[in-house]
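Q: show me the folded form of this:
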Amino acid sequence: MDEDAERLDRAFAALADRTRRDLVARLAGADATVGELAEPYDMSLQAVSKHVKVLAEAGLVTRSKDAQRRPVHLDAEVFDLMAKWIERYRGEVEERYQRLDALLDRMVDDEDGTRAEDAS
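A: From the prediction side, this is the model:
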């Protein structure tokens, strides 16, 4: 398996968890420490830290040292990879729907034409 496929596997697996998706959504607004991320949850700081670790191992977040703080922030690179993968398949599905729409339009036109001939 190539490196990008492995990165996608880790990222999608990490985001399969609702809490981790929520953490990512919150980090999209601003960087935060693990303590700040833990505030709205009824779980220990250690549990939130484990979620952050999974996100970090998937390449979705990184941590830096800012004086006494260790903020967590999103890493756009893996998100770009995920977006490209999703867009590729979204485009293919859209093309399929366009072909289906065209086929259905032809079928309706053919049906309307047959009815018009029957009426004469």
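
Q: which residues are contacting the helix or strand where L55 lies?
A: Element membership of L55, judged by DSSP states H and E, is helix 45-57. By C-beta atoms under 8 Å, 6 or more residues apart in numbering, the list of residues contacting helix 45-57 from outside reads 10, 14, 17, 19-20, 23-24, 34-35, 37-38, 41, 61-63, 72. Any C-beta I mention is one placed from the backbone N, CA and C, and that applies to glycine too.

Q: neighbours of T19, how many?
A: Neighbourhood size, T19 [other C-beta atoms under 10 Å]: 14.

Q: and for A14?
A: Using other C-beta under 10 Å, A14 is surrounded by 23 other residues.

Q: that one contacts L60, correct?
A: Yes. Using C-beta atoms under 8 Å, A14 makes contact with L60 at a distance of 6.0 Å.

Q: all helices of the chain, in order?
A: Along the chain, the segments classed as helices by DSSP state H run 3-14, 18-29, 34-38, 45-57, 76-119.

Q: about what we covered before: tell me the angle the helix holding L55 makes with helix 3-14.
A: Per axes from the mean of the first three to the mean of the last three C-alpha atoms, to 10 degrees, the angle that helix 45-57 makes with helix 3-14 is 160 degrees.

Q: now the angle between helix 76-119 and helix 45-57, please.
A: Going by the same axes, to 10 degrees, helix 45-57 makes 70 degrees with helix 76-119.

Q: and helix 45-57, how far out from the chain middle?
A: 19 Å (C-alpha atoms, centre = their mean, to the nearest Å).

Q: any buried residues in that helix, and which?
A: The neighbour-count check on helix 45-57 (16 or more other C-beta atoms under 10 Å) flags V48, H51, V52, V54, L55 as buried.

Q: compare the helices of the chain and give me the one nearest A67.
A: Nearest of the helices of the chain to A67, taken as C-beta to C-beta: helix 34-38 at 14.7 Å.
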